[in-house]
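Undergrad: below is the structure, and that's it, no one-letter string:
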């Protein structure tokens, strides 16, 4: 599962590689390595297909027996290319090393094709003026797995020269060879294609440099893509001077909206998220390092990179949580939102997918509340705020139906911190039961939030929970905001006063993680990486 804050497998810094491919971003180098594996697989298939046609189909169905030397060379070519494909496919080598193998694949194919051409040189005049198989291999390789222009040119010229070199050797060995004029006309297309092959390579490398420059945001350089959606993508980024990685959320300019007013409204939303997040000092709120805009108009902000998963995926994989653990986690959620409420903010999109449970140093089951993108403050002007109603100008629902309060659904003017309290009750219900308060299609869920009376978590779970837990959840789910606890701080006080999380601790969380998520509970590395100045 990919999340903005999940630490993936570390990709080596681009400047650590020694080849010219270091001018390309790591994900493009990885894609180039995949293409080389694909090219080797296609080569193995083509050689095997040619062997099948010449050794079986042609003799049996057409009555033509190709020369035996050709068949032997096709056997050798197929065997070698199958071996190369298997080696590249299953070798655990650095992508930068695999990215260099493309030119050797071209030379291997050209070598066997040259041997086949030499085996029946008397028929060379049949292909005069037309590209040979070597020319096709050269251009196909340049388009599908481009290297640097210099490397492409050198490799392509070597491949194109194999035929003339073989003819020259055959001439000195007193073997029959075509006249010099025929040889020139036969192999000239190979050299022309070798020169043309440098064009896609040059374009590809220039594009790679442009992408690398575009990905350098302030003091951060994008390393690899973690995930994305309709609005943009999230990247793992590395600070150029500090030994610290971060998560960068990059929003494409075209995703801001089709009209200028829609784009401005979305831009205000992302700026508001960045500013609101930067204000919060709770250890359970996601930390923001930087935000801004790129030259092409993309909006970005840089957040801390966390090691863990969101509560939605946690419950999906492992089922409902014990009431002690659920309250242990919710207590931290309330700690984050209590500060936001004290500052006059309303999150408006509290849901398990926006709550990250992670490891923070020696602390396990450590909560971080994410995505303050729909946050609303008392200082906003209602007339200019397009997110006051549950539907935007683009007819997109603001919030998540399963966790929306009745007043948000109805679009009333009194959406305040008690809407977050309602959402916390929905989150608690999900953690305790593994189900939503109301299920069904989107319209049905919205109607039920407004009119239907929710059952207690105990009733849905079919097991007895402490009465204080059921009461806390049901109090949060009151239809009338005035009947709910006034804010997250009141919920935090109630959880602490009734000691609802008393049966769960950091030691319990570490033990649980060691049994089910051993990688997350692994010992911390003894060495602290030093900053790399580059």
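TA: In hand now; what should we look at? In this text the structure is predicted, and so the values were computed from the model without any measurement.
Undergrad: mind listing the helices for the stretch 151-300 of the chain?
TA: Taking DSSP state H, counting those that start in this stretch as the criterion, the stretch 151-300 of the chain contains helices spanning 180-196, 198-214, 260-279.
Undergrad: so how far is stretch 69-83 from its chain's centroid?
TA: Put simply, stretch 69-83 sits 39 Å off its chain's centre (Cα atoms, centre = their mean, to the nearest Å).
Undergrad: show residues contacting it.
TA: Outside stretch 69-83, the residues within contact range by Cβ atoms under 8 Å, 6 or more residues apart in numbering are 40, 43-44, 47-48, 50-51, 54-55, 108-109, 112, 115-116, 119-120. Every residue, glycine included, has its C-beta placed from N, CA and C.
Undergrad: what's residue 304 sitting at in phi/psi?
TA: Main-chain torsions, residue 304, degrees, to the nearest 10: phi -70, psi 150.
Undergrad: how about residue 64, secondary structure?
TA: Under DSSP: H, G, I helix; E, B strand; the rest coil, residue 64 falls in the coil class.
Undergrad: so which one among the contacts of stretch 69-83 has the lowest pLDDT?
TA: Lowest pLDDT among these: residue 120, with 66.
Undergrad: same for the longest helix belonging to the chain, what does it pack against?
TA: Longest helix in the chain by number of residues, with DSSP state H as the criterion: helix 26-52. Applying 3 or more Cβ pairs under 8 Å, 6 or more residues apart in numbering; DSSP states H and E, we find helix 26-52 packed against helix 68-90, helix 95-99, helix 102-119, helix 133-144, strand 220-228.
Undergrad: orientation of it relative to helix 133-144 in degrees?
TA: Counting by axes from the mean of the first three to the mean of the last three Cα atoms, to 10 degrees, helix 26-52 lies at 150 degrees to helix 133-144.
Undergrad: mind listing what's buried in helix 26-52?
TA: Within helix 26-52, the residues that qualify as buried are 26-30, 32-33, 35-37, 39-41, 43-44, 46-48, 50-51, counting by 16 or more other Cβ atoms under 10 Å.
Undergrad: about what we covered before: with distance to residue 334, mean neighbour count and mean pLDDT added, can I get the helices of the stretch 151-300 of the chain in TSV?
TA: Listed next are the helices of the stretch 151-300 of the chain as TSV, based on distance: least, Cβ to Cβ, whole Å; neighbours: other Cβ atoms under 10 Å; pLDDT from 0 to 100:
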stretch	distance to residue 334	mean neighbour count	mean pLDDT
helix 180-196	65	17	86
helix 198-214	41	16	70
helix 260-279	17	17	74
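Undergrad: would you turn these into CSV with distance to residue 486?
TA: Listed next are the helices of the stretch 151-300 of the chain as CSV, based on distance: least, Cβ to Cβ, whole Å:
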stretch, distance to residue 486
helix 180-196, 73
helix 198-214, 47
helix 260-279, 20
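Undergrad: out of those, nearest to residue 143?
TA: Residue 143 lies closest, by Cβ to Cβ, to one member of the helices of the stretch 151-300 of the chain: helix 198-214, at 5.2 Å.
Undergrad: as a markdown table, the helices and strands packed on helix 26-52 with distance to residue 429 and mean neighbour count would be great.
TA: Conversion of these to a markdown table gives the following (distance: least, Cβ to Cβ, whole Å; neighbours: other Cβ atoms under 10 Å):
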| stretch | distance to residue 429 | mean neighbour count |
| --- | --- | --- |
| helix 68-90 | 47 | 17 |
| helix 95-99 | 45 | 20 |
| helix 102-119 | 55 | 21 |
| helix 133-144 | 52 | 22 |
| strand 220-228 | 27 | 19 |
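Undergrad: worst mean pLDDT among the ones you listed?
TA: Mean pLDDT values for the helices and strands packed on helix 26-52 show the minimum at helix 95-99, a mean of 73.
Undergrad: for that helix, packing partners?
TA: Partner elements for helix 95-99 (3+ Cβ pairs under 8 Å, 6+ apart): helix 26-52.
Undergrad: next, the angle strand 220-228 makes with the helix it packs on.
TA: Going by the same axes, to 10 degrees, helix 26-52 is angled at 60 degrees with respect to strand 220-228.
Undergrad: how far does helix 26-52 sit from its chain's centre?
TA: Remark: helix 26-52 is offset 23 Å from the chain centroid, using Cα atoms, centre = their mean.
Undergrad: what angle do that helix and helix 102-119 make?
TA: Helix 26-52 runs at 20 degrees relative to helix 102-119, counting by the same axes, to 10 degrees.
Undergrad: if we can go back for a sec, what would the helices and strands packed on helix 26-52 look like in CSV with distance to residue 169?
TA: Formatted as CSV, the helices and strands packed on helix 26-52 follow (distance: least, Cβ to Cβ, whole Å):
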stretch, distance to residue 169
helix 68-90, 16
helix 95-99, 32
helix 102-119, 9
helix 133-144, 17
strand 220-228, 48
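Undergrad: any idea which of the ones you listed gets closest to residue 175?
TA: helix 102-119 (8.3 Å).
Undergrad: who touches that closest one?
TA: Outside helix 102-119, the residues that touch it by Cβ under 8 Å, 6+ apart are 32, 35-36, 39-40, 43, 47, 67, 69-70, 73-74, 76-77, 80-81, 84, 124, 132-134, 137-138, 141, 145-147, 151-152, 154-156, 158-160, 162-163, 166-167, 170.
Undergrad: could you rerun that using 6 Å?
TA: Applying Cβ atoms under 6 Å, 6 or more residues apart in numbering, the external contacts of helix 102-119 come out as 36, 40, 43, 69-70, 73, 77, 133-134, 137, 141, 145, 147, 155, 159, 162-163, 166.
Undergrad: ok now it, how far from the chain's centre?
TA: Relative to its chain's centre, helix 102-119 lies at 38 Å (Cα atoms, centre = their mean).
Undergrad: next: stretch 268-281.
TA: 24 Å.
Undergrad: doesn't residue 437 make contact with residue 445?
TA: No. The criterion here is Cβ atoms under 6 Å, and residue 445 misses it with residue 437 at 8.7 Å.
Undergrad: of those two, who's got more company?
TA: More crowded of residue 445 and residue 437, by other Cβ atoms under 10 Å: residue 437, with 24 against 20.
Undergrad: among the helices of the stretch 151-300 of the chain, which is nearest residue 241?
TA: Closest among the helices of the stretch 151-300 of the chain, using Cβ to Cβ: helix 198-214, at 17.8 Å.
Undergrad: part of a helix, is residue 131?
TA: No. Assigned with three-state DSSP, residue 131 falls outside any helix and is coil.
Undergrad: what comes up buried for stretch 353-365?
TA: Those would be 354-360, 364-365, for stretch 353-365 by 16+ other Cβ under 10 Å.
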